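S.K.: what follows is a predicted protein model with its sequence.
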Amino acid sequence: MNIVKNKVLILGISSFAGSSFANYLLNKSTFKIFGTYNNKNKLPFDLFLKKNKRYKSLKLFKLDLSDNKNSLEKINNLIRPNYIIDFASICMVNESWLYPKYYYQVNFFSKIEFIKNLCNQKKLRKYIYIGTPEIFGSGNKPIKENSMMYNPSTPYASSKLALEMFLNNFIQNPINKIIIARFSNFYGKGQPIHRLIPRLVYCINKKKKFPLHGFGKTKRNFIFEDDFNRGLMKVITNGKIGSKYHFSGEKYFTIKDVIKNVLNIKKYSWDKLIEQSIERKGKDKNYYLDCAKTKRELRWRCKVTLKIGIKKTVKYYDSIINNINQKDINFKIKK
């Protein structure tokens, strides 16, 4: 008997989060997976996603959101998915000060017509937009899922908020099938090498200096990829149309705490690694997400501690260190 599989379209499958979730879904036989990636970039998930035995079942489409060709709608109409998971954004915060118009085009304007027409997609069950805590800016109190106390401090955060505000116009109408999910900082295997933990491993192994901005006082919650993927799967299976969900652990750590964890695993000294640098423009000091509604409705909690998650991540990057180029460390957005 032929089993009809649910079609999942992952927008931005070449991102760390997108490729990690695709890898997670590939191990479940109930989904047929489609994905879009930017045609200007080499797919960065080659090192681990291609090792999945079901990788060849992926259907991939090049998509450049920096133009106005409505390619997103064309791909969507061709696939007619049951679920859309939207990771497709430029997320390099620093460069957003240099190219704000470009960020708004990719993160906001490119999706307006697509979202407006969600109501016409008869087979669509859920459109899940992956937002960011950065739309709330820095704060000392936990932000609830439905809070509208927005205070973005960078053009990147403002571009993400612009789309959320547009989604808010449609989210209350069930026919649009919209859900918004915001996650704390997620990390793990396949994360770009210029990100915090992979870069720490690279710098230690290559005996290079790591630039620490603002003395590492910035405080964050960190979610390991396993918890991230479980959370997103909960949204697919149990998330309510028109809802917003927050995913965050109980404990918060400074960047300095993370560095010390890695140094302890690698048995390397602080003085050999760290080079102090000034804080980056618009850097938020703290993010606090209130996850009470998410825990109640989806019965989700973080299971992987930061110590265990970092240990797994360090082990992975140690194993691929010879495949990493210096240019990947100094990655910059190219228009």
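M.R.: Here it is on my side, so go on.

S.K.: so, low pLDDT: which residues of the stretch 1-150 of the chain?
M.R.: For the stretch 1-150 of the chain, applying pLDDT under 70 flags the ranges 1-4, 39-47.

S.K.: go again with 50.
M.R.: Low-confidence segments of the stretch 1-150 of the chain, defined by pLDDT under 50, are located at 1-2, 40, 43.

S.K.: where along it do the helices fall?
M.R.: Applying DSSP state H, counting those that start in this stretch to the stretch 1-150 of the chain gives helices spanning 16-26, 71-79, 100-107, 112-116.

S.K.: could I get those as CSV with mean neighbour count and distance to His246?
M.R.: Heads up, the C-betas are built off the backbone N, CA and C, glycines and all. Formatted as CSV, the helices of the stretch 1-150 of the chain follow (neighbours: other Cβ atoms under 10 Å; distance: least, Cβ to Cβ, whole Å):
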stretch, mean neighbour count, distance to His246
helix 16-26, 24, 16
helix 71-79, 17, 27
helix 100-107, 19, 20
helix 112-116, 15, 21
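
S.K.: count of neighbours near Gly131?
M.R.: 21 (other Cβ atoms under 10 Å).

S.K.: so how far is Thr254 from it?
M.R.: 24 Å (Cβ to Cβ, to the nearest Å).

S.K.: what do you get for Pro133?
M.R.: Distance from Pro133 to Thr254, by Cβ to Cβ: 16 Å.

S.K.: the more surrounded of those two?
M.R.: Comparing Pro133 with Thr254 by neighbour count (other Cβ under 10 Å), the higher total belongs to Pro133, at 24 against 16.

S.K.: ok, the more buried one touching Asp290?
M.R.: No. Using Cβ atoms under 8 Å, Pro133 makes no contact with Asp290, being 10.8 Å away.

S.K.: anything in contact with each of these two?
M.R.: Counting by Cβ atoms under 8 Å, 6 or more residues apart in numbering, the common neighbours of Pro133 and Asp290 are Ile143, His246.

S.K.: tell me which residues touch Gly188, please.
M.R.: Gly188 makes contact with Phe16, Ser20, Phe224, Glu225, Asp226, Phe228, Gly309, Lys312, Thr313, Tyr316, according to Cβ under 8 Å, 6+ apart.

S.K.: which of those residues are buried?
M.R.: With burial judged by 16 or more other Cβ atoms under 10 Å, the buried subset of the contacts of Gly188 is Phe16, Ser20, Phe224, Glu225, Asp226, Phe228, Gly309, Thr313, Tyr316.
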